[in-house]
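K.L.:
Need coordinates for the below:
(4 chains)
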Number of protein chains: 4
Amino acid sequence: MARKTAGVLGATGSVGQRFILLLNNHPDFELKFLGASPRSAGKKYIDAVNWKQTDLLPSFAEDIVVSECNPDDFKGCDIVFSGLDADYAGPIEKAFVEAGFAVVSNAKNYRREKDVPLIVPIVNVDHLDIVAKKIEDAKANNNEKPGFIVCISNCSTAGLVAPLKPLVEQFGPIDALTTTTMQAISGAGFSPGVPSIDILDNVIPHIGGEEDKIEWETKKILGTLANERTHVNLLSDEEIKVSAQCNRVAVSDGHTECISLRFKNRPAPSVDQVKDCLRDYVCDAYKLGCHSAPKQTIHVLEQNDRPQPRLDRNRDAGYGVSVGRVREDPLLDFKMVVLSHNTVIGAAGAGILIAEILLAKNLI
Amino acid sequence: MARKTAGVLGATGSVGQRFILLLNNHPDFELKFLGASPRSAGKKYIDAVNWKQTDLLPSFAEDIVVSECNPDDFKGCDIVFSGLDADYAGPIEKAFVEAGFAVVSNAKNYRREKDVPLIVPIVNVDHLDIVAKKIEDAKANNNEKPGFIVCISNCSTAGLVAPLKPLVEQFGPIDALTTTTMQAISGAGFSPGVPSIDILDNVIPHIGGEEDKIEWETKKILGTLANERTHVNLLSDEEIKVSAQCNRVAVSDGHTECISLRFKNRPAPSVDQVKDCLRDYVCDAYKLGCHSAPKQTIHVLEQNDRPQPRLDRNRDAGYGVSVGRVREDPLLDFKMVVLSHNTVIGAAGAGILIAEILLAKNLI
Amino acid sequence: MARKTAGVLGATGSVGQRFILLLNNHPDFELKFLGASPRSAGKKYIDAVNWKQTDLLPSFAEDIVVSECNPDDFKGCDIVFSGLDADYAGPIEKAFVEAGFAVVSNAKNYRREKDVPLIVPIVNVDHLDIVAKKIEDAKANNNEKPGFIVCISNCSTAGLVAPLKPLVEQFGPIDALTTTTMQAISGAGFSPGVPSIDILDNVIPHIGGEEDKIEWETKKILGTLANERTHVNLLSDEEIKVSAQCNRVAVSDGHTECISLRFKNRPAPSVDQVKDCLRDYVCDAYKLGCHSAPKQTIHVLEQNDRPQPRLDRNRDAGYGVSVGRVREDPLLDFKMVVLSHNTVIGAAGAGILIAEILLAKNLI
Amino acid sequence: MARKTAGVLGATGSVGQRFILLLNNHPDFELKFLGASPRSAGKKYIDAVNWKQTDLLPSFAEDIVVSECNPDDFKGCDIVFSGLDADYAGPIEKAFVEAGFAVVSNAKNYRREKDVPLIVPIVNVDHLDIVAKKIEDAKANNNEKPGFIVCISNCSTAGLVAPLKPLVEQFGPIDALTTTTMQAISGAGFSPGVPSIDILDNVIPHIGGEEDKIEWETKKILGTLANERTHVNLLSDEEIKVSAQCNRVAVSDGHTECISLRFKNRPAPSVDQVKDCLRDYVCDAYKLGCHSAPKQTIHVLEQNDRPQPRLDRNRDAGYGVSVGRVREDPLLDFKMVVLSHNTVIGAAGAGILIAEILLAKNLI
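P.N.:
Just a heads-up that it's a prediction; the model follows:
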């Protein structure tokens, strides 16, 4: 089957670079379009980019000529991945959607729009029905296939909700949830990202806007699709209390989160039941046969000092989430440590997997 | 006034080295005795130690001949600081107490003994009345002044309870408390301490025994002295729920803790009341005029990305604790970030300040 | 063709772990034997090892039962890789050779033996003729195929000599050579290896024995095979002056070396000639079709801030060496920066490639 | 004696912040003027600065109102310290000199001007005679006391030339010199300075312009004052060959350099003679009684793994230089490791000490 044609907006930035890496030799997508700032436009990608990945720049991308982030320059593109900074993403992504493109965006700009699915692809695939509904409606009205946007969640939210999903499915609602994050520097990009003087021999106990994103996005991702499939019903503040404390630490990739949670239903499950539930979870993306979907969605580790970012971030190529130290909590029901790869399942990788799901569902 | 004579047990270890640094030019104490393992005994200190401090070895200590950790070798010593490893501290410290010495120990061995004060010197000075009572009793019985031991708390506990003390004094009991720590490598000593391969580009989400120490010691330190002054009444599990999650990060000195807490009394105070309370707190050690007591016990920082270990750990020479990001918590009442210098107020420095308090109270 | 049977000595150590990773799904070798200390013997490997690699423990190795490092326990093993510490390697490796095994060792113990080839597999494959000669002699005398040992060079030596080899071949002898190394912590193993307190925010300007190894081993590796094929004629101190200064830095993998060199012949080549020579070099291992041999032996980088360990250490899966900043030197002829992956081409990986070469040459 | 009035240009930058720290409670200078960009002008310093030092902002500086870098705003200032970026320093410093100010600058802009002294204050105090001569000439001509500029050397040059000075004085000229540096991130400032993604688990083998600075500045600093005291006679390329290779490493403060050198005269001194010479060196600034001058200019360390930045950078408050591993070099005469505090003796601290020397010599 012919591969779909893909493009990347914000191609020279940190998220854009990751999109390009992940699209190298991808069985479903062929990357042909790269958009960046006017300063880069007109140059070959290899000349426009300051490549900072530990994997080498794939040769296929070297000679693609970068254009501006203009829908006219992306004609024939089946799927557009946006790694744009929030400062620029708003109007550009809107223009692409209006021009009929399918956009998967890592930017925060449209995450809270009611009709925009906010997706962690190992968690809430069903929320993509909002897109299906849009397409069906257009068809019913004999309109052209509409453009749409799907938003990737915030990176630390992705790791957090992954283990919550199967727990809620099996044991019912979680009514209280805390997370204290220790987040990797790659999450801050690199132009310049975190200055080294701020992180060497240091912890920064603050990441702008991050705590609010976790507290809000969790309620959308764990929310249920409305019957009319036009939006998601968010969990209310009464249904779930979420409290986040976010820190930056001297780690290159991989967000570690110390979480605690309490179930609404009594009696709460046992530690072993929780671990079994996490271990047995198979995400929908895997069932759909998506190329990048993790074989093991959640790795439950038994060693008492795991997960660790350096040792566990690459499980299932970064699409799997690791959970360790599941134990009872004197305050809530359980505490545990969650590790997720922030640039894979928490950003660009999630975008790729979302696109694979869209394809599997015939939405692109 | 003549200075009291001091000795250090475990003098070549990481805590011992810090004791020696802090006793350099100390107005109250003159360090004359150094005890270490048989391998070091008989050598000059400079030849016995693998000095790893960023401050240079004080010249006064270079030529002190190290002895074994034997009470007979410490005759005439008014105060003995123990930096011994827990593996050795038990019988050695016991022998010193039985031989009539005043011992201030950083080891965990006797912290949970009923008649042993567990002291954070900026928090619970009144618990030293257990020692006063012992001395009074001996006097009343015409016995010799007895030996005794005072234990320094666990390092991450010290930072945690410092802001709790004034809050409880002013607003009443705290009934729920969580802390997620990001602890410095110096807390693990250095023979070998944390291997570099475990911490470079990494977080270790586990420190053996640490969570239990925090959860237990908090209940003793915040407990109230029994009327008979023979012990402290621990807070019960019903009175306060404490939940700790401990991590090691790539920081040299300074433990950062993200804490949340809920008061028992309603309505809870406001954020401003909490901050004012912390700011206004003057610890007893300062009122007693102790040399090392912090002028400002708790520094309340207003910048949203503080405290940070590299920038704030040395406030009041490491005896002050920094608190930042005081804000409401969706789950409990408040969350905040606490930073304390783990080798000063969390270990050796606490020992020195305890000794200063003992002196101010005529207990040595 | 059936795969050869392989074993690893010192299987639980850092080098042993790398051997196991590199033998996962290897087309030429099937790992069946794991030897370690008596403490580990009798256990399944997964229970005996403290796995510290960023890649997961390959499942094939999990259930292999570890034996002691005893030739009797390795019967039927075609090639034995030794990752033993120098403290143990001497008698054990000798016993294996005497029992007729082919041993490829990362230990330093036999590197300076006259009849032992010291091999950097992208540099001096011809020195393996010493082994060929031994086998031929045994055959001629109707003796059994003899055991033998081949030594892997010191890690920082490997990176250094890689670019020297083609330069010497094309432009004649180098008569002066300096290198200042910045070496990764993985080179020190991890039990405990480098303590974190020694390397966080620090440089250690000394690695025990390392400078002497570089200065000596370079003269053997760049030496010429004697006509009688029984040994290598070392370069003399008059032929080449080598000066090394070794440092440990906070890098996980990848040794960076700032080198300078002067050719004997005048006029010296130009910078462009040097770069072309390096770029054009194809190592013998690649010509032999060895599986792990780098397609591009030496990557000549043109960006002025490269090579960097984080970005370049994995070129050609760590078997390629990167060279950058080739420029004239005010003192000698040229200076340049060389980066090599210390645990691949500088240690275990070199061992695997040496074994592939031995196989290609029918020596095992 | 009344303190001289001091000002700082570029007061909000990294060098400016260090000037302010070093002028806290200074016996000779009272800091009254702070100049920065128009964006900061008019604000109190505490509101204008993003303070990033591990020492707290001195309270005396908090309320100083920042002005623009305009000579009119610095009236009455006896000495002006410039921490300006090279992009701005040129015209501003010129304006201050023309307005009659004494300027001590950390910028590179005027270092190569023939009549500008380039000073490492523990090395070449005599070069300040160029200033003395200017003042004498003005006096002789009944002119006003002229403005002048004195340049601080590049940071890595300072550490390098410190041990060279006494060696040349005692053993005659050095004719060949190599240095490979491992430089701290603080040398790159912090707006943003080195991005963390570039230095975590990494080495950057290039610092723009640095190698040329070392190679050139060494020849000026070790040059001899011309008889007419109007300039320094630079060492020629024939007199001394200098070769530098510069690297950035993950160290906060302290530049480590691996150096080699050859004396012109034969026979070369012995290792012990070299060490004695370094140990015995007393810099002129100390003889002049300057407050900040190091009591021990060069610390010769005997442990084989020293100096190390974390342990040795603060010797003599950062004004002393540490030298270790003095040993024979197979190529030149000696190799050794030199450590200097790049923001003290290599930048702002050097500026303060230069001003103290100017004062001691009645030049301000």
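K.L.:
which other residues reach the helix or strand hosting A:Val323?
P.N.:
Assigned by DSSP states H and E, A:Val323 belongs to strand A:321-328. Contact with strand A:321-328 is made by A:122, A:159, A:162-163, A:271, A:274-275, A:278, A:297-304, A:306-307, A:312, A:315, A:334-340, A:345, B:205-206, as judged by Cβ atoms under 8 Å, 6 or more residues apart in numbering or on different chains. Every C-beta, even on glycine, is put in place using the N, C-alpha and C of the backbone.
K.L.:
Next one, pLDDT for the closest residue to A:Phe60 other than its chain neighbours please.
P.N.:
Among residues not flanking A:Phe60 along the chain, A:Asn24 sits closest, at 6.7 Å (Cβ to Cβ, 6 or more residues apart in numbering or on different chains). Looking at A:Asn24, its pLDDT stands at 96.
K.L.:
circling back to that earlier point, ok, the helix or strand that comes right after the strand holding A:Val323 near chain C or not?
P.N.:
Sequence order places strand A:334-340 as the next helix or strand after strand A:321-328, per DSSP H and E. No. On the criterion Cβ under 8 Å from any Cβ of the partner chain, strand A:334-340 is out of touch with chain C, staying 13.1 Å away.
K.L.:
Determine the set of other helices and strands touching strand A:334-340.
P.N.:
Counting by 3 or more Cβ pairs under 8 Å, 6 or more residues apart in numbering or on different chains; DSSP states H and E, the packing neighbours recorded for strand A:334-340 are helix A:155-171, strand A:255-263, helix A:271-280, strand A:321-328, strand B:241-248.
K.L.:
Neighbouring strands - and their directions - for the strand holding A:Val323?
P.N.:
With DSSP bridges as the test, strand A:321-328 is paired with strand A:298-301 (parallel), strand A:334-340 (antiparallel).
K.L.:
out of those, deepest packed?
P.N.:
Mean neighbour count, computed with mean count of other Cβ atoms under 10 Å in any protein chain shown, is highest for strand A:334-340 among those, reaching a mean of 26.
K.L.:
Next, the angle strand A:334-340 makes with whichever helix or strand comes after that one.
P.N.:
Proceeding N to C from strand A:334-340, the next assigned helix or strand is helix A:348-360, under DSSP H and E. Relative orientation of helix A:348-360 and strand A:334-340, computed by axes from the mean of the first three to the mean of the last three Cα atoms, to 10 degrees: 80 degrees.
K.L.:
quick one: helix A:348-360 near chain D?
P.N.:
No. Helix A:348-360 does not reach chain D (Cβ under 8 Å from any Cβ); its nearest approach is 15.5 Å.
K.L.:
same check, this time on stretch A:309-320
P.N.:
No. Using Cβ under 8 Å from any Cβ, stretch A:309-320 stays clear of chain D, with a minimum separation of 9.3 Å.
K.L.:
Okay, buried residues for the strand holding A:Val323 please.
P.N.:
Residues of strand A:321-328 classed as buried: A:321-326 (neighbour count, 16 or more other Cβ atoms under 10 Å in any protein chain shown).
K.L.:
ditto for stretch A:268-283
P.N.:
A:268-269, A:274-275, A:277-278, A:281, A:283.
K.L.:
Equivalent analysis for stretch A:233-248, please.
P.N.:
Buried, per 16+ other Cβ under 10 Å, within stretch A:233-248: A:234-235, A:240-248.
K.L.:
Quote the end-to-end distance of stretch A:44-58.
P.N.:
End-to-end distance of stretch A:44-58 (Cα to Cα, to the nearest Å): 13 Å.
K.L.:
Check stretch A:146-164 too.
P.N.:
33 Å.
K.L.:
what's the answer for stretch A:104-115, then?
P.N.:
Stretch A:104-115: ends 14 Å apart by Cα to Cα.
K.L.:
what residues go with each domain of chain A?
P.N.:
Residue ranges for the domains of chain A, per automatic domain parsing: A:4-154+A:348-360, A:155-340.
K.L.:
Minimum distance to B:Thr179: which of those domains has it?
P.N.:
Closest of those to B:Thr179 is domain A:155-340, at 8.8 Å (criterion: Cβ to Cβ).
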